[in-house]
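J.: Predicted coordinates and the sequence they were generated for:
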Amino acid sequence: MAIISSSLDESNSPRSRKELKLVNSNFNIEVKNDKNVNLARPTSLQEFVGQEQIKSVLRIAIDASLFRREPLEHILFYGQPGLGKTTLALLLAFEMNAKCRVTSAPSLERPRDIVGLLLGLKEGDILFIDEIHRLNKLAQELLYSAMEDFRLDLTMGANKGARSRTINLPKFTLIGATTKLASISPPLRDRFGICQKIEHYTSHELQQIILNFSKLISINIENEACEALAKISRGTPRIALRLLRRVRDYAQVVKKTNRISIEIVKKSLNFQKIDSRGLDNLDRDFLSFLNLNNNPTGLDSIAARLGEDSSMLEFVVEPYLIQIGFIIRTPRGRVLTSLGREYINSKNEQN
């Protein structure tokens, strides 16, 4: 049971409407031509490239729910940023022909925000909460009964004037996305019927994503250029598409062409200080600092030296450096591997 110190708004709506988006599942060509629509997102689960095992699980869950004529079970996606957690949530709404309400946990600061959001749901709606691990404790407790029994147990007022109230909710589906699975409280995590980790993409899958998006933005990209971009995209579609946009800008502005060759890719990446391994200046500064020390170095020390946030380094920079075998994490700190030392020394020699 949760205590709400302030009464609900008359509209029963969240305090901040700027953070809440309502997405209609009836996605058509006219909507796609809207400048506010992200063209990089596929329009159906079948068009979604990669994550075959997850798509199979979701396909079975969707078909079973449609057969029983009931909402999907609550779903939790976790993984590194840019892998498609939000996209999958929107595609589930499309497949279920349901409306999807999109918000993020930092915008749900007070209990009345999550209460208003839940009261605004209709039968079969999908509520997507990004970065759900950042919900405060009281907001998470409100979701317990809402997810399990589709009701809100509230205590209005305080002291002698306190009164209990139970509000029944329509059956809905909560989809959560997080980059920190361990930060979600076990009671909340256990209430998700489906929990799936979004893995990094293969080079072949990223090539397909790049090719699909290049057609949408009227760019002709050569196979070798596409392969080069996929190779340095860190297994992440968001990075792949970001690099493609920057190469497109360089091709159109500097070379006056809509055709991207491997030479244009190399010149564009060199202009942005991105090398053939996909590493930029921040990555190289990270490795260079570790190269100065033979002993393990703490993340806070690295962050202070580079002038960056430690969380950003941990979840944005480090995963790829660990993936390619340049650094390892130990209980005492970060250690540069022989591969990483060989790489950074070769870069120093070139300079």
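T.: Arrived safely. Note that the structure is predicted; figures quoted are calculated from it, not measured.

J.: all contacts plus neighbour counts: C-alpha atoms, from now on.
T.: OK.

J.: quick one: contacts for residue 335?
T.: Residue 335 is in contact with 290, 294, 295, 296, 297, 327, 328, 329, counting by CA atoms under 8 Å, 6 or more residues apart in numbering.

J.: Check the secondary structure at the third one for me.
T.: Using DSSP: H, G, I helix; E, B strand; the rest coil, the structure places residue 295 in coil.

J.: Check the last one too.
T.: Secondary structure, three-state DSSP: residue 329 is strand.

J.: domains in the protein, as residue ranges please.
T.: 2-197, 203-271, 281-350 (automatic domain parsing).

J.: I'd like these as JSON lines, with mean pLDDT appended.
T.: Shown next, in JSON lines, are the domains of the chain (pLDDT from 0 to 100):
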{"stretch": "domain 2-197", "mean pLDDT": "77"}
{"stretch": "domain 203-271", "mean pLDDT": "91"}
{"stretch": "domain 281-350", "mean pLDDT": "87"}
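
J.: Would you quantify the distance from the residue nearest the centre of the chain to residue 114?
T.: For the chain, residue 81 is the residue whose C-alpha lies nearest the centre (CA atoms, centre = their mean; 4.2 Å). Distance of residue 81 to residue 114, computed by CA to CA, to the nearest Å: 24 Å.

J.: Equivalent analysis for residue 288, please.
T.: Noted for residue 288: a distance of 45 Å to residue 114, by CA to CA.

J.: again with residue 321
T.: From residue 321 to residue 114 the distance is 38 Å (CA to CA).

J.: if you count what's nearby, which of the two comes out ahead?
T.: A direct count of neighbours by other CA atoms under 10 Å for residue 321 and residue 114 places residue 114 higher, at 23 against 19.

J.: how far away is that one from residue 200?
T.: Taken as CA to CA, the span from residue 114 to residue 200 is 32 Å.

J.: now residue 93
T.: Where residue 200 is concerned, residue 93 sits at a distance of 23 Å (CA to CA).

J.: List the contacts of residue 318.
T.: With contact set as CA under 8 Å, 6+ apart, residue 318 has these partners: residue 327.

J.: which SSE is it in?
T.: If you go by DSSP states H and E, residue 318 is part of helix 318-323.

J.: tell me how far that helix is from the chain's mean position?
T.: Relative to its chain's centre, helix 318-323 lies at 17 Å (CA atoms, centre = their mean, to the nearest Å).

J.: hmm, back to that, name the nearest residue to the residue nearest to the centre of the chain, sequence neighbours excluded.
T.: Excluding its sequence neighbours, the residue lying closest to residue 81 (CA to CA, 6 or more residues apart in numbering) is residue 179, at 6.7 Å.

J.: Double-check that neighbour against residue 82; I have them as touching.
T.: No: at 10.1 Å, residue 179 does not count as touching residue 82 under the criterion of CA atoms under 8 Å.

J.: Which of the two has more residues huddled nearby?
T.: The residue with more neighbours, out of residue 179 and residue 82, is residue 179; 19 against 16, by other CA under 10 Å.

J.: circling back to that earlier point, so which of residue 93 and residue 200 has more stuff around it?
T.: It is residue 93, of residue 93 and residue 200, that has more neighbours when counted by other CA under 10 Å, with 26 against 18.

J.: Kind regards, and thank you for your time.
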